[in-house]
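Q: what's the 3D shape of this:
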Amino acid sequence: MASDEAYMSFLDKANETTSDSKNQQGSGTIKTETVHSSLSVPKPLKSVDTYYISDTDEPFEPVALKWDGAAKGAWPSAGQLSSLISPDTDLSQSISILSPDSFDPKNQYSAALDAVRAAAVEKDSGAEQSAVELKVYRVEQTSTKIEYWVLALHAPESRLVGLRAKAVES
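A: I've put the predicted structure just below:
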């Protein structure tokens, strides 16, 4: 069995930040914007009490972003989403799009997905919640820190609505 000093040396080394990861992370994870200042959070998103399960369990956070393409039924590209959530940092190379089924293969997050669908039809009496299309944008902050953006188009107010989940995947 190893001595206490050897074990502490091992832990110290494991927790060191290498120069490569300092360059990648800067002062840590890139801050992303979830709610534009001129928008309010749709009511169905305020009551979501679900956590995304990863190495750290994090709550889903409401998202309301101004997106003119929503009125035309157009989804943002990776570059466009990057400029919405992180105006000062280009994250487009680290964004991929998943289907809701690949994001939630075990149906663990149905309450969160349903809340996003409900938010997309809020104030649109003619819309059917079951017909709302969802997209999940996976934003890789670092090799282990990921954000999942579960989004829907809200055409009446030209915005994206949804939830963001932060994950640590080692």
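
Q: any idea how many residues pack against residue 107?
A: Using other CB atoms under 10 Å, the number of residues around residue 107 comes to 8. Bear in mind the C-beta positions are built from the backbone N, C-alpha and C, glycine included.

Q: sec struct for it, please.
A: Secondary structure for residue 107, judged by DSSP: H, G, I helix; E, B strand; the rest coil, is coil.

Q: quick check on it: phi, psi?
A: phi 60, psi 40 (degrees, to the nearest 10).

Q: measure it to residue 101 for me?
A: 9 Å (CB to CB, to the nearest Å).

Q: what number of residues lie near residue 68?
A: Applying other CB under 10 Å, we find 9 residues neighbouring residue 68.

Q: what does residue 4 give?
A: Residues within reach of residue 4, counting by other CB under 10 Å, total 7.

Q: what's the answer for residue 131, then?
A: 9.

Q: how much space between it and residue 62?
A: On the measure of CB to CB, residue 131 and residue 62 end up 22 Å apart.

Q: hang on, residue 151 packs against residue 64?
A: No: if you go by CB atoms under 8 Å, residue 151 and residue 64 don't touch, sitting 10.3 Å apart.

Q: okay, these two: which has more neighbours?
A: Using other CB under 10 Å as the criterion, residue 151 and residue 64 rank with residue 151 on top: 28 against 21.

Q: the more buried one in helix, strand or coil?
A: Following three-state DSSP, residue 151 is assigned to strand.

Q: is the closest residue to it other than its chain neighbours in a helix, a strand, or coil?
A: Take residue 151 and drop its neighbours on the chain: the residue closest to it by CB to CB, 6 or more residues apart in numbering is residue 162, 3.8 Å away. Here residue 162 is recorded as strand under three-state DSSP.
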